[in-house]
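Visitor: Just need the structure, nothing else, for what follows:
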Amino acid sequence: MKLSEIVEVLQAEVLYGEDLDRIEIKQACGSDLMSDVLCYSMRGSLLLTGLTNPQAVRTAEMSEISAVCFVRGKKPPAETVDLARKNEIPLLLCAHSMYLACGKLYSTGVLGCDDRCE
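Guide: The predicted model follows:
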């Protein structure tokens with residue numbers, strides 16, 4: 001699914017990002033624990049999180065995550081948006097809970113990331 005379609009499904013606001021039609025998202029992961037994201041996320045996935053500090057963007061960069069969506073209407077500070085801009089990682093903001101956002105994406109065919117840690 002194109003990131004631009006995900007914006008529509010989640011009724012999300014684009015905080016940073018351009019040319020969202022070129023970014024393909026096949027998997028998504030939802031977590032506020034960045035250690036879990038490092039463990040089980042997949043390259044090219046979408047991260048859904050309520051963690052708005054720069055660590056979310058740093059984790060996305062390290063994990064080669066394509067985009068980050070902040071849930072529960074949580075707005076990131078300017079330093080988080082600036083870091084995303086520097087690293088060219090699109091940022092979205094949606095009002096849905098993480099549970100509902102993940103469910104909406106799953107119902108449209110976006111898969112979850114495999115749980116590779118035990």
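
Visitor: give me the low-pLDDT residue ranges for this protein?
Guide: Within the chain, the segments meeting pLDDT under 70 span 114-118.

Visitor: ranges for the helices of it?
Guide: For the chain, the helices defined by DSSP state H cover 3-9, 34-40, 54-63, 78-87, 98-107.

Visitor: Output the contacting helices and strands for the last one.
Guide: If I follow you right, that is helix 98-107. helix 3-9, strand 27-30, strand 46-49 (3 or more Cβ pairs under 8 Å, 6 or more residues apart in numbering; DSSP states H and E). For every residue, glycine as well, the C-beta is placed using N, CA and C.

Visitor: Apply 10 Å and report the result again.
Guide: Using 3 or more Cβ pairs under 10 Å, 6 or more residues apart in numbering; DSSP states H and E, the elements in contact with helix 98-107 are helix 3-9, strand 27-30, strand 46-49, strand 67-70, strand 111-112.

Visitor: For Lys86, find the nearest of these.
Guide: Smallest distance to Lys86 across the helices and strands packed on helix 98-107 (Cβ to Cβ): 13.7 Å, for strand 67-70.

Visitor: returning to what we had before: of all the helices and strands packed on helix 98-107, which one is nearest Pro77?
Guide: That would be strand 67-70 among the helices and strands packed on helix 98-107, by Cβ to Cβ, at 11.2 Å.

Visitor: Walk me through which strands the closest one pairs with, and which way each runs.
Guide: Here strand 67-70 has these sheet partners by DSSP bridges: strand 46-49 (parallel), strand 91-93 (parallel).

Visitor: on that earlier part again, of the helices of the chain, which stretch is the most buried?
Guide: Highest mean neighbour count among the helices of the chain (mean count of other Cβ atoms under 10 Å): helix 54-63, with a mean of 20.

Visitor: packing partners for it?
Guide: Identification of packing neighbours for helix 54-63 by 3+ Cβ pairs under 10 Å, 6+ apart yields helix 34-40, strand 46-49, strand 67-70, helix 78-87, strand 91-93.
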